[in-house]
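S.K.: sharing a model prediction with you, sequence too.
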Amino acid sequence: MLSISNVTVDIQGSRILNNINLSVEAGELVCLVGRNGAGKTTTFRTVMGYRKPVSGSIKLHDVDITAFPTWKIARQGIGFSPEESEVYAELTVAENIEISTWTRPEGRDAKERVEEALRVFPKLRQYLARGGAQLSGGERKMVSIARALTLDAGMLLLDEPFEGLSPAIIPVVAEGIASIRSMGKGILMAESNSYHIPDYVDRILVLERGELIFTGSLENARKDRAVMRVIAGEVNLAV
């Protein structure tokens, strides 16, 4: 579904990503793991067209989207939920979720797309009339992912979906992500905290200083002491 091939990105003369290769298939959850500053967000912003690579290509369904503007990439079927999880304060929760159907009217019926998002995060039903400025961090995160979902995207990019959330809300968001995966949508998720990686992840890719140093299962990553030193930040981690 999504294929990133030999992508290199420079920002203000500094190499941020170096020859990145990864792919995500339909119904697959792939987690891009790395410390802050490793290049995870740059990877997402490059996929979405905010950054243009020095070299390499990005394809969605075998269509080369490398040179597409951001709006066209979204219309191709990629939904992006950034780490900041910003919502429109002047809009209600319902309007924040529906807004993607206004910008991408083609595809399935708007009400069907909204209902699908609310099935993923049923907790949001009780807040539909609430203003965006009145939401907690966890509620904003759910709205941000739901808004990406109502774009009718087959591929979702979730940047740090568990960052800053209370322990009580993390399982709710994790259950929602599992539900999205079960719909057959591809998910590329970025995470800096290895303890937030869901057990149901299909593959993890470890990013360190702009280079991929590991690709494989979470189980195999936990057996690799060098990899765990990077993603857990512990020198003597028992595995």
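M.R.: Perfect, thanks for sending it.
S.K.: nearest residue to the middle of this structure?
M.R.: With distances taken as CA atoms, centre = their mean, the residue of the chain nearest its centroid is residue 158 (1.5 Å).
S.K.: looks like that one contacts residue 185 (just checking).
M.R.: No: Residue 158 is beyond contact range of residue 185, at 11.0 Å (criterion: CB atoms under 8 Å). All C-beta spots, glycine's among them, are computed from the backbone N, C-alpha and C.
S.K.: quick check: the residue nearest to the centre of the chain vs residue 15, distance?
M.R.: 25 Å (CB to CB, to the nearest Å).
S.K.: cool, and residue 52?
M.R.: 14 Å.
S.K.: cool, residue 218 as well?
M.R.: For residue 218 relative to residue 15 (CB to CB), the value is 28 Å.
S.K.: again with residue 167
M.R.: 37 Å.
S.K.: okay, these two: which has more neighbours?
M.R.: Neighbour count, other CB atoms under 10 Å: between residue 167 and residue 15, residue 15 has more, with 15 against 6.
S.K.: now do the contacts for the more buried one.
M.R.: 8, 9, 210 (CB atoms under 8 Å, 6 or more residues apart in numbering).
S.K.: hang on, the earlier thing: quick check: mean pLDDT across the host helix or strand of the residue nearest to the centre of the chain?
M.R.: Using DSSP states H and E, residue 158 falls within strand 155-159. Average pLDDT, strand 155-159: 94.
S.K.: contacts for that strand?
M.R.: Under CB under 8 Å, 6+ apart, the answer for strand 155-159 is 1-2, 24, 40-41, 44, 47-48, 60, 77-83, 145, 148-149, 177, 180, 185-190.
S.K.: so which bits of it are buried?
M.R.: Buried positions in strand 155-159, judged by neighbour count with 16 or more other CB atoms under 10 Å: 155, 156, 157, 158, 159.
S.K.: name the SS class of the nearest residue to residue 208 once chain neighbours are set aside, please.
M.R.: Excluding the flanking residues, the one nearest residue 208 by CB to CB, 6 or more residues apart in numbering is residue 230, at 5.3 Å. In three-state terms, and counting by DSSP: H, G, I helix; E, B strand; the rest coil, residue 230 is helix.
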